[in-house]
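> Below are the sequence and a predicted model; questions follow.
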Number of protein chains: 2
Amino acid sequence: MTTLSSLPYKGTRDFYPEEKRTQNYIFSIWRKIAEVYGYEEYGAPILEPLEIYTAKSGQELANEQTYSFLDRGGRTVAIRPEMTPSISRMVAARRQELAYPARLYSIANFMRYERPQRGREREFWQLNIDIFGDDSVSAEAEIIKMSDDIMKATGAKPEDYVIKINNRKLINFMMAQYLGLDAVQAQFMIKLLDRKEKISQQDFIDQATEVFGDLAEVGLPKIQALLNATSMAELPSEIRDSAAVSEVQELFTFLERAEVKSLVFDITLMRGFDYYTGMVFEVFDTNPDNNRALFGGGRYDGLVGLFGSEPISAVGVAPGGTTFLNFLESHNLVPKLISTTDIYLSVLGDTVREANKLANDFRSKNINVELDISGRKLDRQIKNVLKKKIPYILFLGEDEVKSGKYTLKNVAKSEEYKLKFDEIVELFAARRKGVK
Amino acid sequence: MTTLSSLPYKGTRDFYPEEKRTQNYIFSIWRKIAEVYGYEEYGAPILEPLEIYTAKSGQELANEQTYSFLDRGGRTVAIRPEMTPSISRMVAARRQELAYPARLYSIANFMRYERPQRGREREFWQLNIDIFGDDSVSAEAEIIKMSDDIMKATGAKPEDYVIKINNRKLINFMMAQYLGLDAVQAQFMIKLLDRKEKISQQDFIDQATEVFGDLAEVGLPKIQALLNATSMAELPSEIRDSAAVSEVQELFTFLERAEVKSLVFDITLMRGFDYYTGMVFEVFDTNPDNNRALFGGGRYDGLVGLFGSEPISAVGVAPGGTTFLNFLESHNLVPKLISTTDIYLSVLGDTVREANKLANDFRSKNINVELDISGRKLDRQIKNVLKKKIPYILFLGEDEVKSGKYTLKNVAKSEEYKLKFDEIVELFAARRKGVK
């Protein structure tokens, strides 16, 4: 038999306890903010019919980046590359039963066939927060406020990130009315604006000229005027007076009242997915070493209706685990995390039976105890405790069994205490309160 | 554009908040028991090279039941149908760095291409608990004790389930020494014993006769003697005196000392996976309406070594979400669960700004508040609160804003209280303690 490789599949990661702890820390921030705003958790299948992505997710995602295949029954399926189509399908399926606005969240894994690079893996984890059935700008305001709260909960300062806001209706108005582009040209221009930061200014002008064709002479100065505007007030007046802009202004008023700083209007913000219909936004890292989009979202009122139900309006956002971790790292915000295990119980001498009993007594008081069953040498055991980042060791020898006083060692402080069972239980109860 | 189906992919389930609550309840039991024994969480990729299953998981699983396909780069991959090969691969990859015994757990989803039926879905969730690097029977004892604790944590009584125990070495001894079968015959006999409960006695005898061939005259009474034994003491003496039986006896002594009731020795227990090398066990529901295996596990000392590392011994167990839920249902053990949201804040009159502020003040005290932004009629809002199973409604009108006393309604009790902000914060702090 040949040896099997111990490497994970390309672009995926193994999460050992050390890495899983950090991931769980990120998940706990996400979960806390979602639940504190009254969002409830749901789960969706890892596999979906491919067609739910070809409909509206964008050609590149559906055709080139999905892990799609024929199942043994001849159905074309895909490992989900994103959550929005799944949750839209679920809402459509129980359209009548759900209470609106429906506030829903999930934390789940996804796969996309892409070239792995910093901040981008083939398998990745995302929080998805969505509100269904509210047409007003309050829905966007709540989702963006939550995004801001998620960033704050990491310990980030308002200047560490910026929330860029734009509106698809405004983009459409700009393309058709202001720039006079037809649908096909508009598609190219949107993709071009989306790539603007990644290409040189000359490349941008060359490609824009190509898109404009005969209109280039009028179009180029117009697009330049747009790009020069750093606020809504500086926009060319024909755009500034549009209905879409007043919607954006209303959103800004809401968010300023809710004390969301870090807001910026950015007319070049496009967002890749085809399903967005209104407000779109993205959270950017301002650190020059990690100057990139962290996550984003927007309004997608047309998606639920594709599943044979009446249309239901929706706004959502989806932070991803890898980019989130990169943000924490680039701002020095990853906390030092320890094991979920409270005590490593080391058996000295012939006290195995008593050690089993003591471990179970602690466990019945919700204290997490790893019991030494290895019979390894003491220095080896202590090395393991340090590796596993367990905060306390309890040494159980025959003296301790007789006296009912146990030697508990705080590993980080290198301090030892002689404590009775009840005192140890109290110590951990107090510790949990403090940690909370 | 054609309408898309709103149904989930065959054999998978959508977990709406109602179902997700129940799933989270099950996960919380699993997590609690895993962590209280000092097991630490890890995560593994959803996709693996197919070959890690063809090696040792069993032909049926690898060849007929995996969701396997060629990725866009020509690699043959599979959606994981189980966790054991993944965690073995991970342990092999960090063989040198890990601290032993390594105690690891995960809660994850899996897929198998099977005919969906009660207790069996194509996508399913499992807890995997594994201990690596301990050769002694203490490892099995700990894993089985944890399995028993998991059952007890549901509120199940010892008579609601039974833990069947057998040993692969004993099976091998029985096949080769006692029954005199060669390797091929033994494979057939193992599969036949595995199916014994599902076929008639006559079918069993017919098929056993076929396996024995010329040996049938001697073999059939011998296997009958085995099947008649309801305890180790009743086993034919040649088997009773084997080393494997004394290992099982040692395990029973350990478990009886640890107060694990519900134990049964069952020489017909086989367990499907090819990788088991020692003790195997299964937890069975004793309810006649759900008389089936709930979950199982065993020792698999040979798997880590396949990934190019020295062998590392291992024992594991893996309860599944669907069978677990079936067990809870068949014994009436599913608790009534409510929303994670604490308060639904209903805006009466022109108090939107104050409502936003009040909601955020509660949130800063870790109280989960869903804020009404819908402007829907009050009876409609109350209906929604009932649907969502939110325990409290707070009505905020202008009087409440002025007086700083809020009307809080306990929905289940249909009682209303007039409380100040701090009193409400205290109420929820006390509630959380009580719930815990």
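Alright, I've got the coordinates. Numbers count the residues shown, from 1 in each chain, chains lettered A, B, ... in the order given.
> Run the contact check for stretch A:397-416 versus chain B.
No. Stretch A:397-416 stays clear of chain B (CB under 8 Å from any CB of the partner chain), getting no nearer than 13.4 Å. (Each C-beta comes from the backbone N, C-alpha and C, glycine too.)
> got it, and stretch A:357-372?
Yes. Against chain B, stretch A:357-372 shows contacts by CB under 8 Å from any CB at A:N360, A:R363, A:N366, A:I367, A:N368, A:V369, A:E370, A:L371.
> Does chain B have contacts with stretch A:303-317?
Yes. Judged by CB under 8 Å from any CB, stretch A:303-317 comes into contact with chain B at A:L306, A:F307, A:G308, A:S309.
> And those, which two are furthest apart?
Greatest spacing in the residues of stretch A:303-317 next to chain B, by CB to CB: A:L306 and A:S309 (8.7 Å).
> Which neighbours do those two have in common?
By CB atoms under 8 Å, 6 or more residues apart in numbering or on different chains, A:L306 and A:S309 have these common neighbours: A:A92.
> The two: who's more crowded?
Here A:L306 and A:S309 are compared on neighbour count by other CB atoms under 10 Å in any protein chain shown; more neighbours surround A:L306, at 22 against 18.
> show me what contacts that one?
A:A55, A:K56, A:S88, A:A92, B:M1, B:T3, B:L4.
> List phi and psi for it.
Backbone geometry at A:L306, expressed as degrees, to the nearest 10, gives phi -70, psi -20.
> now swap in A:N128 and tell me
phi -120, psi 120.
> For the stretch 151-300 of chain A, which residue gets nearest to chain B?
Per CB to the nearest CB, A:A258 is where the stretch 151-300 of chain A lies closest to chain B, at 6.5 Å.
> which stretches of chain A have low pLDDT?
Low-confidence segments of chain A, defined by pLDDT under 70, span residues A:1, A:57, A:435-436.
> Recalculate using a threshold of 80.
A:1-2, A:55-62, A:119, A:230, A:272-274, A:290, A:374-375, A:434-436 (pLDDT under 80).
> mind giving me the domain split of it?
Each structural domain of chain A that the record assigns through automatic domain parsing is listed here as a residue range: A:17-330, A:343-435.
> Could I get the contacting residues of A:N366?
A:F428, B:V36.
> Give me the buried subset of the contacts of A:L306.
Among the contacts of A:L306, those scoring as buried are A:A55, A:K56, A:S88, A:A92, B:L4 (criterion: 16 or more other CB atoms under 10 Å in any protein chain shown).
> How about the fourth one: what's its closest non-neighbour residue?
Taking CB to CB, 6 or more residues apart in numbering or on different chains as the measure, A:A92 lies nearest to A:F307, with 3.4 Å between them; neighbours along the chain are not counted.
> got the contact list for the one you found?
So A:F307 contacts A:S88, A:R89, A:A92, A:A93, B:T3, B:L4, B:S5, B:S6 (CB under 8 Å, 6+ apart).
> Need those residues in CSV (columns: secondary structure and distance to A:V280).
As requested, the contacts of A:F307 are arranged in CSV below (DSSP: H, G, I helix; E, B strand; the rest coil; distance: CB to CB, whole Å):
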residue, secondary structure, distance to A:V280
A:S88, helix, 17
A:R89, helix, 22
A:A92, helix, 22
A:A93, helix, 26
B:T3, coil, 26
B:L4, coil, 23
B:S5, coil, 28
B:S6, coil, 26
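> ok, what's across the strand from A:V283?
For A:V283, the residues forming beta bridges with it (DSSP bridges) are A:I163, A:F295.
> For A:Y37, see how far away it is.
Plainly put, A:V283 is 17 Å away from A:Y37 if you go by CB to CB, to the nearest Å.
> May I see the contacts of A:L306 organised as JSON lines, with distance to A:L70 added?
Formatted as JSON lines, the contacts of A:L306 follow (distance: CB to CB, whole Å):
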{"residue": "A:A55", "distance to A:L70": "19"}
{"residue": "A:K56", "distance to A:L70": "23"}
{"residue": "A:S88", "distance to A:L70": "24"}
{"residue": "A:A92", "distance to A:L70": "25"}
{"residue": "B:M1", "distance to A:L70": "23"}
{"residue": "B:T3", "distance to A:L70": "23"}
{"residue": "B:L4", "distance to A:L70": "19"}
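> For the stretch 101-250 of chain A, just list every one of the strands.
Listed in chain order, the strands of the stretch 101-250 of chain A (DSSP state E, counting those that start in this stretch) span residues A:102-111, A:123-132, A:161-167.
> try the stretch 251-400 of chain A
Assigned by DSSP E, counting those that start in this stretch, the stretch 251-400 of chain A shows strands spanning A:263-265, A:279-285, A:293-299, A:314-317, A:343-347, A:369-371, A:392-396.
> Great, nothing more from me.
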